[in-house]
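*Asks:* Sequence and predicted structure are below.
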Amino acid sequence: MKDQLEKKKVKRIKINLDKCVGCRACEIACSAFHATPKYSSINPARSRIRMVIDELNDEYVPIRARDYTKAECDGRHVYTINEKEYSECSFCGAVCPARNLFKEPDSGLPLKCDMCVDDPPLKEPLCVQVCKVEALTYEEYEEEVKEEVKLGEMEIGLQSLVDKHGLQKLVDTVARMSQKG
Amino acid sequence: MRYAETGYNLEIDLTRGNIERVETDPRLTELHLGGQGTAAKILWDRVPPETDPFSPDNLLIFSTGLLLSTPVPGANRTAVNTISPQTGLYSHSLFGGFFGPELKHAGYDKIIIRGKSPSLVYLYINNDKVELRDASHLQGKGALETGALIKKELKDQEVQVVAIGLAGENRVYSATIEHHNSSASRGVGVIMGDKKLKAIAVRGTKDINIARPAELFELCNNMYQYIHDNPHYTGDIMAHEDDEEFHVDNFAWGNARTRVKGFWNKEREEKWKAISDKVRVRWTGCYNCPKDCHQAIKYPGRHTYFTKCYSKLTYAMAAFKELDFDYDILGVTQEYGLDGFSTPQILAFAVELYEAGILTDQDLPGFPTDTGERFFYLVEKLVRREGVGDALANGVYWAARQIGKGAEEYDHNSIKKFEQVPLKLGMINYPYFLMYATGEKMNITQIEGSYPQIPIADLEERKKFVDNWEAAPERFKKWFMEWEPRQHPTIEASVNICDWNETMHYVDDAIGTCAWLSSFRGQFGGRPAYHIYNLPKFISLATGMELDTDELWKIAARNRNLIRAFNIRRGLRRVDEAPPANHWKIRDPEKEQQTLDAYYEFKGWNKEGIPTKETLDKLGLDYVSEDFVQRGILTGNEGAPSKETSAETEKN
């Protein structure tokens, strides 16, 4: 197992909260792109980008669906930015039990942003394309990352035993256990 | 399968607390499209002319436009229709924002509200779950504040809320229904309050079927780009402009009498711009529209609220004040839920009455000396119906008659008992004469808009304009080419201009496209996003209905005639179709009446402005003509109105 530096393409959507007008075109485009067949329906409830809007607090934050999580946070921050209070949830893309966002309305299954993977690839994700006020912009760049071989579940367990007892002791134990059958 | 629409209405009986989901007749969509078109049909069928606006039998209908929740950009408007206690006639208002699309995703095209609740309630719609909930804790709360409180109570930031403020609760005639950055005005909030319905909260996650989705999506993507790329042809230019010369120099100040010449200058523009920049927290848009026509305003000491175009000036001009006064008082009136067009007129009327000695210190104890402070004082009286506020809450027309002592003379700016935009000009303008006289939406902004307001002097420029004028039927190009400055259009042209202008609004009213992309917008620049030639394709792709320009025009005419018939049945006649005497300085009564005759004839109406049997039957409104004959409104012999024209003559 050796580590090496590898070039990796990173896709990034930049969000400028000051430019957002709250039109929700991003939600509409996203739900259309991910409908089956494609563009057959628009429904913000199926969108993988959602606007968190609190118009009386001048809060307009688009958030992108990330990973599913079984549990909600046990504590949440409140951020004050330019005298406006934002809940941590306003910036969080986790599909979590604390709220209804990013759950497929019929099945409740989690939705996740895939940056509009398509063949041929889109020049930029559709939510960015429709955001004419440029609250959403897109960029790709290359990053050098340490490429690690990801371990499987059993390997992680065994590695921890190796770390604790040493490889030889583990091998001996496994051999002894297998002889006992 | 139903396309573009859900095919279901919600029927709410507030008296009994009964809630039903009712399937609609697809044939009605073909005849009226949706929005106020189908609402008018329901009102015609279910609200007989003797119904008092405050009767439990009056309906309050929220109708989504047919194209809401399809990808069509800027289709986000909801129509609210009922009978207005101020005019006694059909009341129509539209609002944008996010409510209509959410309602459709919840699975309903309309909410039809009848009866009266015994106590203050709000309606909560969450897809198939619909319930009436107690709203006693929301009594007296501000209209936008109510929205925020309901979201918190339901623990759902995604619900969309419409609500009334204190004005609606107290049945003030100029009460609005407020939603996010938009409001429904012109006599609908008062009925919501009368029914003791504080708010409606809706959350929807269902799909809407589209007949030819991929094609429509592509068409809409291109339209989205066009709207964005053409700021001079779409959206509200005036909302973004700091140059207010057009409004402050052309519109009357105070109680719609006084023109303030030379008010506008560079210095003032800079001063006002600085005020706006200081209080504006953001430009915002409506659902699925790339425009940002609404300002979010945070004035010191006031809650956040939203303005559009002219409402940022209405109070300031009515009170002879500067812009900061308007931003300040709007912070109060928006939360009370008051119409930003009518209310300043009512307040300025009261100030005039006080100055004339008709209202005294006895009527207005402790009345301040400063007009601005007077406005704040009167607003509190008005929304609580306290003292003279009880009369003022009925609008200028009724207040003048209740107060008496010559107050009627000060009601000089209402048509059909409704306060008008104080646009008093010098020379009679015949297309505008017709729009003001025959319009049934009570505000010129809901009627004008396709044909330019002023001619182009330079012939080359004029030709260029006409060559690019895709939105206009051919006949208008000819008339526009012939139109020289300071010249009246012919009677024929005037009639057609009025007809085209109003027709485009009846289209928008039914499908939910915003007038700033469509019916209101062609008059400035001539290239609105939507027009009579490209809309049939959007509607066809969304609904699967075969539709061309002629058919769309015919549907608009059907809706126009049905609403007119509804009002005729309630007693509307030619005598009511008169702009105020001082609307223009130079008038020509004879030619005005000739023009009105010509318009009635063009529309297929008789001399009283009643659609003839032939006209109604041709539009498939046979049931209307039968009703008219039965009631004696029409004799069955075309052209001659019956002697018995009053609604009261109904036999059964």
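*Replies:* Cool, got the structure. Source: prediction; values computed, not measured. Numbering: from 1, shown residues only, chains lettered A, B, ... in the order given.
*Asks:* so where do the helices sit in the stretch 401-550 of chain B?
*Replies:* For the stretch 401-550 of chain B, helices defined by DSSP state H, counting those that start in this stretch occupy the ranges B:430-438, B:459-467, B:474-482, B:491-511, B:535-543, B:549-569.
*Asks:* now the angle from the second one to helix B:474-482?
*Replies:* Spelled out, it's helix B:459-467. Here helix B:459-467 points in a direction 170 degrees away from that of helix B:474-482 (axes from the mean of the first three to the mean of the last three CA atoms, to 10 degrees).
*Asks:* same thing with the last one?
*Replies:* Angular relation of helix B:549-569 and helix B:474-482 on a 0 to 180 degree scale: 90 degrees, by the same axes, to 10 degrees.
*Asks:* So which bits of chain A are right by chain B?
*Replies:* A:21-25, A:28, A:32, A:35, A:37-46, A:52-58, A:60, A:100, A:105, A:130, A:132-133 (CB under 8 Å from any CB of the partner chain). Backbone N, C-alpha and C define where each C-beta goes, glycine included.
*Asks:* thinking again about what came up before, show me the one of the helices of the stretch 401-550 of chain B that comes nearest residue B:324.
*Replies:* Closest approach to residue B:324 among these is made by helix B:430-438 (32.1 Å; CB to CB).
*Asks:* how near is the most centrally placed residue in chain A to chain B?
*Replies:* In chain A, the residue lying closest to the centroid (CA atoms, centre = their mean) is residue A:66, at 2.4 Å. Residue A:66 is 19 Å from chain B, where distance means CB to the nearest CB, to the nearest Å.
*Asks:* Can you check the pLDDT for that residue?
*Replies:* As predicted, residue A:66 sits at a pLDDT of 94.
*Asks:* before we move on, what about residue B:561?
*Replies:* Predicted confidence (pLDDT) for residue B:561: 98.
*Asks:* Pop the domain breakdown of chain B in here.
*Replies:* B:8-203, B:252-415, B:425-608 (automatic domain parsing).
*Asks:* got the contact list for whichever residue of the stretch 501-650 of chain B sits closest to chain A?
*Replies:* As assessed by CB to the nearest CB, chain A sits closest to residue B:542 within the stretch 501-650 of chain B, at 11.1 Å. The neighbourhood of residue B:542, defined by CB atoms under 8 Å, 6 or more residues apart in numbering or on different chains, consists of B:3, B:4, B:66, B:67, B:70, B:72, B:210, B:211, B:216.
*Asks:* okay, which residue is most central for chain B?
*Replies:* Per CA atoms, centre = their mean, the C-alpha nearest to the average position across chain B is that of residue B:93, at 3.7 Å.
*Asks:* Residue B:17 against residue B:132, yeah?
*Replies:* Yes - counting by CB atoms under 8 Å, residue B:132 is a contact partner of residue B:17 at 5.6 Å.
*Asks:* Overlap in contacts, those two.
*Replies:* Common contact partners of residue B:17 and residue B:132 (CB under 8 Å, 6+ apart): residue B:117.
*Asks:* Count the neighbours of residue 119 for me.
*Replies:* With no chain named, the answer covers chain A. Using other CB atoms under 10 Å in any protein chain shown, residue A:119 is surrounded by 5 other residues.
*Asks:* could you do chain B instead?
*Replies:* 9.
*Asks:* so who does it touch?
*Replies:* B:134, B:136, B:196.
*Asks:* Let's have the residues you listed in CSV, adding pLDDT.
*Replies:* Shown next, in CSV, are those (pLDDT from 0 to 100):
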residue, pLDDT
B:134, 98
B:136, 98
B:196, 98
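*Asks:* any idea which of those has the most stuff around it?
*Replies:* Neighbour max across these (other CB under 10 Å) = residue B:196, 18 neighbours.
*Asks:* Now it: closest residue in space, sequence neighbours ignored.
*Replies:* residue B:117 (4.1 Å; CB to CB, 6 or more residues apart in numbering or on different chains).
*Asks:* Next one: the one you found from chain A, what distance?
*Replies:* Residue B:117 is 27 Å from chain A, by CB to the nearest CB.
*Asks:* ok, that residue touching residue B:15?
*Replies:* Yes - shown here, residue B:117 and residue B:15 form a contact pair, counting by CB under 8 Å, at 7.3 Å.
*Asks:* What is the burial count for residue 109?
*Replies:* Went with chain A since none was named. So residue A:109, with other CB under 10 Å, has 12 neighbours.
*Asks:* wrong chain, I was asking about chain B
*Replies:* Quick note: residue B:109 (other CB under 10 Å) scores 26 neighbours.
*Asks:* tell me the pLDDT at it?
*Replies:* pLDDT, residue B:109: 98.
*Asks:* and it, what does it touch?
*Replies:* B:5, B:6, B:7, B:8, B:9, B:24, B:34, B:38, B:63, B:64.
*Asks:* Now with 7 Å, please.
*Replies:* Counting by CB atoms under 7 Å, 6 or more residues apart in numbering or on different chains, residue B:109 touches B:5, B:6, B:8, B:9, B:24, B:34, B:63, B:64.
*Asks:* Next: residue A:119.
*Replies:* So residue A:119 contacts nothing (CB under 7 Å, 6+ apart).
*Asks:* got any ranges where the stretch 551-652 of chain B has weak pLDDT?
*Replies:* Along the stretch 551-652 of chain B, the model assigns pLDDT under 70 to residues B:638-652.
*Asks:* Identify the spatial nearest neighbour of residue B:214, chain neighbours not counted.
*Replies:* The shortest distance from residue B:214 to any non-neighbouring residue, by CB to CB, 6+ apart, is to residue A:39 (4.9 Å).
*Asks:* And what about that neighbour, helix, strand or coil?
*Replies:* In the three-state summary, residue A:39 is assigned as coil, counting by DSSP: H, G, I helix; E, B strand; the rest coil.
*Asks:* shouldn't it be in contact with residue A:32?
*Replies:* Yes - using CB atoms under 7 Å, residue A:39 is in contact with residue A:32, at 4.8 Å.
*Asks:* who are the neighbours in contact with the closest residue to chain A within chain B?
*Replies:* Of all residues in chain B, residue B:205 sits closest to chain A, at 3.5 Å by CB to the nearest CB. For residue B:205, the contacting residues are A:45, A:105, B:105, B:127, by CB under 7 Å, 6+ apart.
*Asks:* Ramachandran angles for it?
*Replies:* The phi/psi pair for residue B:205 (degrees, to the nearest 10) reads phi -130, psi 20.
*Asks:* Give me the distance between it and residue B:331.
*Replies:* Applying CB to CB, to the nearest Å, the value for residue B:205 to residue B:331 is 34 Å.
*Asks:* ranges for the helices of the stretch 151-300 of chain B?
*Replies:* Going by DSSP H, counting those that start in this stretch, the stretch 151-300 of chain B shows helices at B:166-169, B:189-194, B:213-229, B:237-240, B:245-250, B:266-279.
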